[in-house]
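1. Please work out how this folds:
(one chain, ligands or ions: 1)
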Amino acid sequence: MMWDTIILGAGAAGMMAAIEAGRRGRKVLVIDHAKAAGEKIRISGGGRCNFTNLGIAPERFISQNPRFALSALKRFTQWDFIARMDAAGIGWHEKTLGQLFCDGSARQVVDMLLQDMDHAGVTLWLGCALGEVRRVQAGFVVETARGPQEAASVVVATGGKSIPKMGATGYGYKVAQAFGLPLVETRPALVPLTFAEQELAWIVPLAGVATEARITCGRQAFQEAVLFTHRGLSGPAVLQISSYWREGDGIVVDLLPGMKLGETLRAAKAAQGKASLRTVLGRWLPERLARHLEDAAGVTGVMAELSGATLDGVAAGAQDWRLVPVGSEGYRTAEVTLGGVDTAALDGRTMEAKGVPGLYFIGEVVDVTGWLGGYNFQWAWSSGWAAGQVA
Ligand code: FDA
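-> Numbers count the residues shown, from 1 in each chain. The predicted model follows:
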């Protein structure tokens, strides 16, 4: 069968591109091997989909060429997506740090996109495996479980390698390679970090404790919640820094950002000599963490009995906690994949492969990775929209 545009992958980016191409009157086929479209949207943001961020800015995206994403992000902005949510009557709210979530359910976003696809006359094949993509005279042939399909344009929107259980395959990278496009090495990102036994001995007793902290790796720092787990450290601040961390790098954790704990503890010693260290720390930290810091310092007496050096040691332990992750939990739990199709090989305005007219790459398969907080969906919407104007 002959199509104008075949879109590989019915995720956030693929659906957006399909809607736009369909609205232009193109005969569009979307193919996905999953049983349902937009599965990552459905489970995202704890079921409420953090669908964009008010603070979209190029420095919040990681890429070999951080400016590449700018054109698409400017042409279809967070406000454009918000307008679609409003038009569809989907309620939303800002949670924190500019992060926008559905008031109700992420399923509403999936339903909106499916409905828009339907109205745009897009054909959707689910549960359909994909094979090779070949160039032919009129465009491309895509091998599928339902036979070879021909189209003038092919848009690769099959995402990254994150969460193979949900159908992530790395298929898009193979298509890129088959057409001679360069790849930037991929690695799991927005992922919990893991630690060696010595550090785990400190972390594991606190499993389940969450607290706001500032985590620094090199020149990058994030101040958000940190979660202690049985496997290591998680929570938004850790996921964020994981995108910048490389094997061998150390990280520094400040459990009381913005405080001068050494000075504060000395003042507390003078003012509340009879209080225990854990009681004093417990004013700013979860009780279990305060107790753990007291135990770690080997402190038994009350504040009045503690030397200045001991208090400084406690302060350093809490505010200058240095540790070296041994790895991450990997693609099994990573929210996204760093790296992918090298942006140098793509046109930033259209997402078309420079040497292969008619072949497009959008969304997570491209070497553009956003911070945690709605940035990755905005990249999927923006790049999908850009390709949908021309593919
Ligand atoms: P996406 O992965 O969405 O879609 C790719 C599609 O291609 C899938 O439907 C897949 O089945 C299909 N496919 C893959 N290989 C195939 C093959 N070989 N044959 C056929 N089909 C194939 N981001 C954000 O901004 N806010 C958030 O709240 C969250 N939350 C979140 C939670 C969790 C648990 C995860 C794992 C991820 C997030 N993200 C997120 C990240 C976000 O989900 C991600 O960046 C986008 O879904 C990427 O959109 P794409 O369309 O590029 O790929």
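2. from here on, contacts and neighbour counts on C-alpha atoms
-> OK.
3. Would you tell me which residues of the stretch 201-350 of the chain are close to the ligand?
-> With C-alpha under 6 Å from any ligand atom as the criterion, the stretch 201-350 of the chain meets the ligand at residues 335-336.
4. Roughly how far does the residue in the stretch 201-350 of the chain that the ligand sits nearest to sit from residue 188?
-> Of the stretch 201-350 of the chain, the residue with the smallest distance to the ligand, taken as C-alpha to the nearest ligand atom, is residue 335 at 3.9 Å. Per C-alpha to C-alpha, to the nearest Å, residue 335 is found 8 Å from residue 188.
5. neighbour-wise, which of the two wins?
-> residue 188 (24 against 21; other C-alpha atoms under 10 Å).
6. and the more buried one, that one's in a helix?
-> No. According to DSSP: H, G, I helix; E, B strand; the rest coil, residue 188 belongs to no helix; its state is strand.
7. Quick check: pLDDT value at the closest residue to it other than its chain neighbours.
-> Spatial nearest neighbour of residue 188, excluding adjacent residues (C-alpha to C-alpha, 6 or more residues apart in numbering): residue 337 at 4.9 Å. Here the pLDDT value assigned to residue 337 is 98.
8. does residue 337 count as helix, strand or coil?
-> Applying three-state DSSP: residue 337 is strand.
9. just checking, it touches residue 163?
-> No. Residue 337 is beyond contact range of residue 163, at 9.7 Å (criterion: C-alpha atoms under 8 Å).
10. How about residue 253: which residues does it bridge to?
-> residue 215, residue 321 (DSSP bridges).
11. sorry, back to before: got any residues that touch both of residue 335 and residue 188?
-> residue 162 (C-alpha atoms under 8 Å, 6 or more residues apart in numbering).
12. of residue 337 and residue 163, who's got more company?
-> The residue with more neighbours, out of residue 337 and residue 163, is residue 337; 29 against 19, by other C-alpha under 10 Å.
13. quick one, helices of the stretch 51-200 of the chain?
-> In order along the chain, the stretch 51-200 of the chain carries the following helices (DSSP state H, counting those that start in this stretch): 70-75, 78-87, 107-119, 171-178, 197-203.
14. can you put the ones you listed in JSON lines and add distance to residue 131?
-> What follows is the helices of the stretch 51-200 of the chain, written out as JSON lines (distance: least, C-alpha to C-alpha, whole Å):
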{"stretch": "helix 70-75", "distance to residue 131": "29"}
{"stretch": "helix 78-87", "distance to residue 131": "32"}
{"stretch": "helix 107-119", "distance to residue 131": "24"}
{"stretch": "helix 171-178", "distance to residue 131": "9"}
{"stretch": "helix 197-203", "distance to residue 131": "44"}
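15. For the stretch 1-150 of the chain, which segments are assigned as strands?
-> 2-8, 28-31, 50-53, 61-62, 92-94, 99-102, 123-125, 130-136, 139-144, 149-156 (DSSP state E, counting those that start in this stretch).
16. possible to save the ones you listed as TSV with distance to residue 360?
-> As requested, those are exported to TSV (distance: least, C-alpha to C-alpha, whole Å):
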stretch	distance to residue 360
strand 2-8	9
strand 28-31	14
strand 50-53	23
strand 61-62	20
strand 92-94	31
strand 99-102	28
strand 123-125	18
strand 130-136	12
strand 139-144	12
strand 149-156	4
